[in-house]
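1. Okay, predicted coordinates and the sequence, questions at the end:
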Amino acid sequence: MSGDGSTQHDARPGHDVPDSRGRTGLHRTGRSVAGNPDVRVTDVEVVSDGWHVLRRTTFDYRGRDGVWVSQSRETYDRGNGATVLLYDPEARTILLTRQFRFPAYVNGHPDGMLVEAAAGLLDGDAPEEAIRREAAEELGVRVGDLRHLFDLFMSPGSVTERVHFFAAEYRPGEIAGGGGVVEEGEEIEPVVVPYDDALAMVADGRIADGKTVILLQWAALNLF
């Protein structure tokens, strides 16, 4: 092991050799975290370097009995994201999306067509900028004032992603375009849901997306 914490894995793509996207140094992420004195990271290995990054991290963890134990965890790093609940307070409706999600389809969803709040990865932008971009791309909505709600880790057992949640008003007459990014294979349909139907759609499974359920629960307390 060298002075910068590198290991025999350095010859692997994504370490000191560029991966398919030209990235190096992916094995350094997490080595410098120091907020928890009961955790000491000892090794980070890039397991998969596709569009997103899968890492295997080995660390020593000190339990409540004071004993240090070596553990290993795999983390999937796809970047952070943002989502927004678009609502029309006059018509008392919510504007959502419908699109095909293969992971849901292969894991038991009847047709893989999920009804969701507009959302996307930050891709280097601030959360507010990113969700304005996604609302325009997916639904053709130009978002005005944004209300920041909270930031949540959606699957902290294995995925590093933190999602920034927002709410914003929309007006039907201001919608133009949308449908998603064709070059990325997106085919996104708008779905208008009356306030009174939203929670019923969660109860009967028509809405089964986690971030959307969280936003609708917030709306139930603050909008409905």
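-> Sure thing, it's come through.

2. List the contacts of the spatially most central residue of the chain.
-> With distances taken as Cα atoms, centre = their mean, Gly81 lies nearest the centre of the chain, 4.4 Å away. Applying Cβ atoms under 8 Å, 6 or more residues apart in numbering, one finds that Gly81 lies in contact with Ala119, Gly120, Leu121, Leu122, Ala130, Glu161, Arg162, Val163, His164. (Glycine included, C-beta is placed from N, CA and C.)

3. hey, what's Thr58 bridged with?
-> Going by DSSP bridges, Thr58 is paired in beta bridges with Asp43, Ser72.

4. Near it, how many other residues are there?
-> For Thr58, the count of nearby residues is 15 (other Cβ atoms under 10 Å).

5. which residue ranges form the helices in the chain?
-> 102-106, 127-139, 195-203, 210-222 (DSSP state H).

6. Give me whichever of those helices is most buried.
-> Comparing the helices of the chain by mean neighbour count (mean count of other Cβ atoms under 10 Å), helix 127-139 comes out on top with a mean of 22.

7. Identify each buried residue in stretch 67-85, please.
-> Neighbour counts over stretch 67-85 (16 or more other Cβ atoms under 10 Å) mark Thr75, Asp77, Asn80, Gly81, Ala82, Thr83, Val84, Leu85 as buried.

8. ok, now how distant is the first one from Pro103?
-> Read that as Thr75. Here Thr75 is placed at a distance of 18 Å from Pro103 (Cβ to Cβ, to the nearest Å).

9. got the contact list for the spatially closest residue to Arg206 that is not a sequence neighbour?
-> Once flanking residues are discounted, Arg206 sits nearest to Val115: 6.3 Å by Cβ to Cβ, 6 or more residues apart in numbering. Applying Cβ under 8 Å, 6+ apart to Val115 gives the contacts Leu96, Thr97, Arg98, Val191, Val193, Met201, Arg206, Ile207, Asp209, Thr212.

10. Could you dump those residues into TSV and include pLDDT and distance to His148?
-> Converted to TSV, the contacts of Val115 look like this (pLDDT from 0 to 100; distance: Cβ to Cβ, whole Å):
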residue	pLDDT	distance to His148
Leu96	97	20
Thr97	96	21
Arg98	96	26
Val191	94	24
Val193	96	22
Met201	97	25
Arg206	96	28
Ile207	98	23
Asp209	98	20
Thr212	98	17
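
11. so who does the spatially closest residue to Leu223 that is not a sequence neighbour touch?
-> Distance criterion Cβ to Cβ, 6+ apart; nearest residue to Leu223, sequence neighbours excluded, is Tyr87 at 6.1 Å. Taking Cβ under 8 Å, 6+ apart, we find Tyr87 in contact with Thr93, Ile94, Leu95, Ala167, Ala168, Glu169, Tyr170, Tyr195, Ala219, Leu223.

12. how far away is the last one from Asp145?
-> Same thing as Leu223. From Leu223 across to Asp145, the span is 15 Å (Cβ to Cβ).

13. show me where this protein has strands.
-> 39-49, 53-62, 68-77, 81-88, 93-100, 113-116, 118-121, 147-153, 162-169, 189-194 (DSSP state E).

14. In TSV, list those strands along with distance to Thr24.
-> Below are these laid out as TSV (distance: least, Cβ to Cβ, whole Å):
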stretch	distance to Thr24
strand 39-49	10
strand 53-62	12
strand 68-77	15
strand 81-88	25
strand 93-100	34
strand 113-116	35
strand 118-121	21
strand 147-153	27
strand 162-169	24
strand 189-194	40
